[in-house]
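pasting the sequence and the predicted model now:
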Amino acid sequence: MTDSGTAPGTTYDLVILGGGSGGYAAGLRAATLGLSVALVEKDKVGGTCLHRGCIPTKALLHAAEVADSAREGEQFGVRTTLEGVDMGGVNKYKDGVVDRLFKGLQGQLKARGITVIEGEGRLTSPTTVQVGDTTYTGRNVILASGSYSRSLPGLELDGHRVIASEHALTLDRVPESAVILGGGVIGVEFASAWTSFGTKVTIVEALPRLVPAEDADCSKTLERAFRKRKIAFKTGTRFESVALTDSGVQVTVAGGEVIEAEVLLVAVGRGPNTTGLGYEEVGVALDRGFVTVDSTLQTSVPGVYAVGDIVQGLQLAHRGFQQGIFVAEHLAGLAPTPIDEAGIPRVTYSEPEVASVGLTEEQAREKYGDVEILNYNLGGNGKSQILKTAGFVKLVRARDGAVVGLHMVGSRVGELIGEAQLIYNWEAYPADVAPLVHAHPTQNEALGEAHLALAGKPLHFHD
């Protein structure tokens, strides 16, 4: 265990257990506001997102995009061929991105005077965290212990043939074939990347559609695109068992069908890291392993807060960031506005991408009853035609009211989510967005054109 930073001793205004997205964001903001901060992390600051999640997977997906560009250059009049994928080179590129960001984060923490305590921490009272033989005391404590890759009962991960996402990120080869158990964000992203690298992929999803948390129209469009890319998927299909073979795995699904592949990637979601950390012993209430919190993210124990993946809801790094900032500002007396979970943007970085914020059509009908729906086809958008991408922008509006949901599918639409989340969070009406000037030619225009159409003055509108 080592300390780094400038804050001396073992007593602080704030002790944070976990140095991932939520924990380090809380620390950086709290230090900026003049609080002394100790940040406890057993592995590396940056957590799952930086080292085993968001950043390395998106680097992998960018490499996959480059592979597709090389393979498909002729359709743009550029004679290119894909000679192959060097996973050693891909991993060197990916690890380089992670390493640069990691060093930058370490520098930020040091510059803010945050004491980083390397070691496994345990909550021992409402104001203390023990690391090894040392007890650190905080006027307040934030729990930010993150999440782990779930599996299913009886399904053991061996890290070689039956793997989770963290194992998939360190493979030294491109699998010839893979079964992916789970058609949510993680499963869909790996299916997309591996297919671009040349892997034959089959997704097995127990629910009726891929990305089942998204709007049904998004799922339908993504499934159509995956069929075109020859990505096989079986929805409404339960996993039964897996057997190891000399060459890989045999996966049996409901109905007795057996699928053979080199690897099985288990992508059935992430569970909260709350076991064995002293939470329950100190009186922190849990619900199915998740820490329960109030509107200020305070746990059942006064002075102890929780952020990130251990709090029930969207398991997204940027949610953790914002929760960490919120708690830091709350403790500093700034009275921040509680976070609207529906206002947190969501992006699946497959090809095509899926991006959304606010309510799905189904959720909006449940809440408002009468709603207006508009689908703007990207066929009417010049930049989308240049990119040769298909998809749509879907707006969900409370009848004669604000836009309460925005859903998009298409290459690079994740980059449009910034304006979309402003429209939702500022409760904009179509007529508020319609006069705004969107640069031409950009995909961003699709958001403007969709709002023009919903405001009753369509321009380049394609059904």
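Good, I have the coordinates. Residues are numbered from 1 along each chain as shown.

what's the longest strand along the chain in contact with?
When the chain is scanned for its longest strand (criterion: DSSP state E), the result is strand 134-143. The contact list for strand 134-143, computed with CB atoms under 8 Å, 6 or more residues apart in numbering, reads 1, 10-18, 22-23, 26, 38, 40, 117, 121, 123-124, 126-130, 277, 279, 284, 291, 299, 303-307, 310, 324, 327, 331. Every C-beta, even on glycine, is put in place using the N, C-alpha and C of the backbone.

restricted to strands, list those residues.
Among the contacts of strand 134-143, the subset assigned to strands under DSSP E consists of 11-17, 38, 40, 117, 121, 123-124, 128-130, 291, 304-306.

got a quick PyMOL command for the buried subset of these?
The following PyMOL line selects those of those that are buried, judged by 16 or more other CB atoms under 10 Å:
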select buried, resi 11+12+13+14+15+16+17+38+40+117+121+123+128+129+130+291+304+305+306
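
burial count for Asn377?
By other CB atoms under 10 Å, the residues close to Asn377 number 18.

just Lys42 next, same as before
Neighbours of Lys42 (other CB under 10 Å): 15.

correct me, but it touches Arg122?
No: contact criterion CB atoms under 8 Å: Lys42 and Arg122 do not qualify, at 10.4 Å.

find residues that contact each of these two.
With CB under 8 Å, 6+ apart, Lys42 and Arg122 have no common neighbours.

quickly note the distance from the residue nearest to the spatial centre of the chain to Leu222.
Centroid check for the chain by CA atoms, centre = their mean gives Leu316 as the closest residue, at 4.2 Å. Distance of Leu316 to Leu222, given as CB to CB, to the nearest Å: 19 Å.

now do Pro212
11 Å.

can you check Thr10 too?
Distance, Thr10 to Leu222, using CB to CB: 51 Å.

what does Glu419 give?
22 Å.

more neighbours: which of the two?
Leu222 (27 against 18).

and that one, that one's in a strand?
No: when classified by DSSP: H, G, I helix; E, B strand; the rest coil, Leu222 is found to be helix rather than part of a strand.

dump the residue contacts of it.
Here Leu222 is in contact with 188, 210-211, 348, 350, 352, 354, 409 (CB under 8 Å, 6+ apart).

please apply the same query to Glu240.
Per CB under 8 Å, 6+ apart, neighbours of Glu240: 252-254, 256.

Arg238 is in contact with Ala206, isn't it?
Yes: the criterion here is CB under 8 Å, and Arg238 meets it with Ala206 at 4.9 Å.

so the two - more neighbours on which side?
Of the pair Arg238 and Ala206, Ala206 is the one with more neighbours under other CB under 10 Å, namely 18 against 13.

any idea how far the more buried one is from Gln363?
Taking CB to CB, one finds Ala206 at 21 Å from Gln363.

count of neighbours near Ala446?
The local packing of Ala446 (other CB under 10 Å) involves 26 other residues.

phi first, then psi, for it.
For Ala446, the backbone dihedrals (degrees, to the nearest 10) come out as phi -60, psi -40.

surely it and Leu378 touch.
Yes: with contact defined as CB under 8 Å, Ala446 counts as touching Leu378 (6.0 Å).

what do these two both touch?
384, 393.

which stretches in the stretch 51-200 of the chain count as helices?
Secondary structure of the stretch 51-200 of the chain by DSSP state H, counting those that start in this stretch: the helices cover 54-71, 87-111, 165-168, 185-197.

check His462 and give its pLDDT.
Looking at His462, its pLDDT is 65.

so the residue nearest to Ile203 when sequence neighbours are not counted, which of the three states?
In space, and not counting its chain neighbours, Ile203 is closest to Phe233: 3.9 Å by CB to CB, 6 or more residues apart in numbering. Three-state call for Phe233 (three-state DSSP): strand.

just the pLDDT for Phe233.
The predicted local confidence for Phe233 is 98.

give me the number of residues near it?
21.

so what are the domain limits for the protein?
The chain breaks down by the TED database into domains covering 11-146+273-341, 150-268, 352-455.

turn these into a markdown table, columns for distance to Phe461.
Below are the domains of the chain laid out as a markdown table (distance: least, CB to CB, whole Å):
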| stretch | distance to Phe461 |
| --- | --- |
| domain 11-146+273-341 | 27 |
| domain 150-268 | 17 |
| domain 352-455 | 5 |
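
who touches the residue nearest to Ala193 when sequence neighbours are not counted in this structure?
Setting aside the residues directly before and after it, Ala193 is nearest to Ala64 in space (CB to CB, 6+ apart), at 4.1 Å. The contact partners of Ala64, taken as CB under 8 Å, 6+ apart, are 192-197, 351.

and if you look at Thr170?
Asn91.

ok, Leu82 to Val403 distance?
Leu82 is 41 Å from Val403, by CB to CB.

compare the two (neighbour count), which wins?
More neighbours surround Val403 than the other of Leu82 and Val403, with 27 against 16 (other CB under 10 Å).

can you give me phi and psi for Leu406?
The phi/psi pair for Leu406 (degrees, to the nearest 10) reads phi -130, psi 130.

show me what it is bridged to.
Under the criterion DSSP bridges, Leu406 forms beta bridges with Val357, Leu395.

and for it, the neighbour number?
What Leu406 shows, counting by other CB under 10 Å, is a neighbour count of 27.

having no further points to raise, I will conclude here.
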